[in-house]
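Visitor: Okay, predicted coordinates and the sequence, questions at the end:
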Amino acid sequence: MRGLRLLRKKWDGRLGALVRNARSELLISSPYVSQRGVELLLSHLSPFQKQTVRLTMLTNLSPGNVCQGSTDPTALKALETNSVSISLYHLPRLHAKAYIADDTAAIVTSANLTAGGLFVNYEYGCEITQQVTVGLIRQDINAYAELGAPVTTEELNKYCEVAGEVRAAFRSRLARASRAAITRFDRAFGVAADELLRLRLAGGATHTVFAKTILYLLQRDGALETVEMHPLIQAIHPDLCDDTVDRVIDGKRFGKKWKHAVRTAQQQLKKRNLIELSGTKWSLVHEAAQ
């Protein structure tokens, strides 16, 4: 089929070609990123590309991934160290693996940007060069990235230090399951989780994050009731949607705190004339007018 190539094995060569052919933008969505994956990118980026091509990277920096070695923050730091212009986003429920160069080529695959995904595991995917389709994939991934937490160079450097302690504590816990080792790991894991929450909320309160998500969902799925939104929002932002935390006023419980933040987001969007409620369903204003 014209514009479509199946990728069964040894697909790293095709990824290398995609990287080499990028002229202005590389967009990568990979929940797991390792040093070997970053080395492949750097080996195919020319010195000129490192100065001119913008890399947008979506990944999952969750402490669980870090302590198991699935994601290596220091590998991401290596991209910046090598003068690559990078915009990095953290998304806790990211699962899509997509590699996109401008509007010219996209690889959609089961493979992460890791040694296993590139060289060891049985992976499957396809390379697409149909410009319209590539543009749609690029648009979808960019829209999803906007729901994540942007990670600055300073924040990444700090998280690399935290991640190092998490990995060391995890290895210590595995080696000797003493109470001290368990305490050290739990403390380090908690620090890392808190650091990610700070990143997630750096752009404003929880309802600000939810407002962007509501617009994304209504654009993607059309009109939705609030009860339909709740599980969709929770699926995207599990770290911000804690069902164990209730809103309490004067000793009285008024439901899940995060759901009140969703309601606040809806009302703010309504005041800005971006969404409206018709019956029980919310919709984008421009869609409701059609």
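Guide: Happy to help now that I have it. Numbering: from 1, shown residues only.
Visitor: for the record, mean pLDDT for stretch 259-269?
Guide: Averaged over stretch 259-269, pLDDT sits at 92.
Visitor: What pLDDT is listed against Tyr124?
Guide: Confidence score, pLDDT, at Tyr124: 93.
Visitor: before we move on, what about the one 4 residues further on?
Guide: The confidence metric pLDDT takes the value 96 at Ile128.
Visitor: quick one, what contacts it?
Guide: By CB atoms under 8 Å, 6 or more residues apart in numbering, Ile128 lies in contact with 3-4, 105-108, 134, 137. No exception for glycine: its C-beta is placed from N, CA and C like everyone else's.
Visitor: Name the SS class of the closest residue to it other than its chain neighbours, please.
Guide: Distances taken as CB to CB, 6 or more residues apart in numbering put Ala106 closest to Ile128, at 4.8 Å, once the chain neighbours are dropped. Of the three states, Ala106 takes strand according to DSSP: H, G, I helix; E, B strand; the rest coil.
Visitor: what's across from Ala106 in the sheet?
Guide: Here Ala106 shows beta-bridge partners Ile100, Ile128, assigned using DSSP bridges.
Visitor: Would you map the strands across the stretch 101-250 of the chain?
Guide: In the stretch 101-250 of the chain, strands defined by DSSP state E, counting those that start in this stretch lie at 105-109, 125-128, 149-151, 224-225, 246-249, listed in chain order.
Visitor: Highest mean neighbour count out of these?
Guide: Across the strands of the stretch 101-250 of the chain, averaging neighbours per residue (mean count of other CB atoms under 10 Å) puts strand 105-109 on top, at a mean of 22.
Visitor: which residues are contacting that one?
Guide: 7, 11, 14-15, 18, 21, 96-100, 123-129, 133-134, 137-138.
Visitor: and those, which are buried?
Guide: 7, 11, 14-15, 18, 97-100, 123, 125-128, 134, 137-138 (16 or more other CB atoms under 10 Å).
Visitor: lowest average confidence, helix or strand, in this structure?
Guide: strand 246-249 (a mean of 49; mean pLDDT, DSSP states H and E).
Visitor: What ranges in the stretch 51-200 of the chain fall below the confidence cut-off?
Guide: 164-200 (pLDDT under 70).
Visitor: what secondary structure does Gln268 sit in?
Guide: helix.
Visitor: Provide a list of residues in contact with it.
Guide: By CB under 8 Å, 6+ apart, the residues touching Gln268 are 207, 211.
Visitor: Can you tell me how far it is from Leu113?
Guide: The gap separating Gln268 from Leu113 is 37 Å, by CB to CB, to the nearest Å.
Visitor: residue ranges for the helices of this protein, please.
Guide: 12-20, 35-44, 47-52, 63-68, 73-81, 115, 131-145, 153-175, 179-200, 206-221, 226-236, 257-271, 285-289 (DSSP state H).
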